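In: after the sequence you'll find the predicted model.
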Amino acid sequence: IGAEANFRAVLDAATTPLFMWLADDDWIDRGYVAACVAVLDEHPDHALVCGRGRYYREGSYAFSERPVNLLSGSSRTRLLGFYRTVGLNFPFYGVMRRALLVQTPIAAGLASDWLLVAGIAWSGKIRTIEAVSIHRSLEGASGDPASLARAYEIPAWKGWHVHLAVGARVCRDVWSASSYAETNRLERLALGAVCGAIVVVRGWPRAMVALALAKLGWPEHMTGRLEERRRSRERLTPPDEEGSPPGST
């Protein structure tokens, strides 16, 4: 039925005050849910709490994303902060308040997970707990530009310049989505334009580098080198047994 319809079906079947999704090729640390729930119980103004996002390629640890903490009392500041920091969007798999989630549109298509978490950030604060992690596979539908284009049935050029398509979609979403209806139309237009511009400016250098490497035939080699450098910069050791993929030794 498609990813978005699947997410919605699971949400519609839920009845508890707190809710989270988990993809079939991802896994979480022991105590992940309990740690997130404890923070939500302690902070009523928090809408979403998640653990750190750690990523794996072919079963081996690749890198961790930096924490996403949107703790301002201003909805606009949190929204802009989200688009300045979002990457592979591990907060999408955090623990959320279901009452807020059911009021947030689940759009279909490209960057739908970004739009949803942005809407949640507009409604309340988002916090990352660094003591626990969600472990995610990089072998998904958006692992490279070509597979991204196939998965979302978009032209190949949009797969390589996805920042332009996503920037335009972010702008339209802030302008039209019900999450932002309390703001007047002129403010929504200006805010959407700023959010879209942030996405384009952040994505353009990466897109140019990826395209150049692809033309040189170096994407896999350079991806490995970049991930190795990122691990060294983080000064993180590979995960212990608890952080290993299910079924690994």
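Out: Nice, I can see it.
In: can you map out the helices along the chain?
Out: Here the chain has its helices, by DSSP state H, at 3-13, 32-42, 75-85, 98-101, 112-123, 145-152, 156-160, 162-176, 185-216, 219-234.
In: which strands and helices sit next to the second one?
Out: Applying 3 or more CB pairs under 8 Å, 6 or more residues apart in numbering; DSSP states H and E, we find helix 32-42 packed against strand 46-57, strand 95-97, strand 125-137. Using the backbone N, CA and C atoms, a C-beta is placed for each residue, glycine as well.
In: for the residue nearest to Ala47 when sequence neighbours are not counted, the count of nearby residues, please.
Out: Nearest residue to Ala47, sequence neighbours excluded (CB to CB, 6 or more residues apart in numbering): Gly124, at 2.8 Å. By the criterion of other CB atoms under 10 Å, Gly124 has 19 neighbours.
In: now swap in Val174 and tell me
Out: With other CB under 10 Å as criterion, Val174 counts 27.
In: is it in contact with Arg185, as I believe?
Out: No - with contacts counted by CB atoms under 8 Å, Val174 stays clear of Arg185, the gap being 11.1 Å.
In: re the thing from before, closest one to Leu79 among the helices and strands packed on helix 32-42?
Out: With CB to CB as the measure, strand 125-137 is the member of the helices and strands packed on helix 32-42 nearest Leu79 (10.7 Å).
In: show me what contacts Glu182?
Out: For Glu182, the contact set (CB atoms under 8 Å, 6 or more residues apart in numbering) is empty.
In: that one and Ile28: what is the separation?
Out: Distance, Glu182 to Ile28, using CB to CB, to the nearest Å: 34 Å.
In: what do you get for Ile129?
Out: Distance from Ile129 to Ile28, by CB to CB: 12 Å.
In: which neighbours do the two have in common?
Out: Gly51.
In: now Ser179: closest residue in space that isn't a chain neighbour?
Out: Ser179's closest residue in space is Gly119 (CB to CB, 6+ apart), at 3.8 Å.
In: re earlier: want to throw the helices and strands packed on helix 32-42 into a markdown table with distance to Val68, mean pLDDT and mean neighbour count?
Out: Below are the helices and strands packed on helix 32-42 laid out as a markdown table (distance: least, CB to CB, whole Å; pLDDT from 0 to 100; neighbours: other CB atoms under 10 Å):
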| stretch | distance to Val68 | mean pLDDT | mean neighbour count |
| --- | --- | --- | --- |
| strand 46-57 | 8 | 96 | 23 |
| strand 95-97 | 13 | 98 | 24 |
| strand 125-137 | 5 | 96 | 20 |
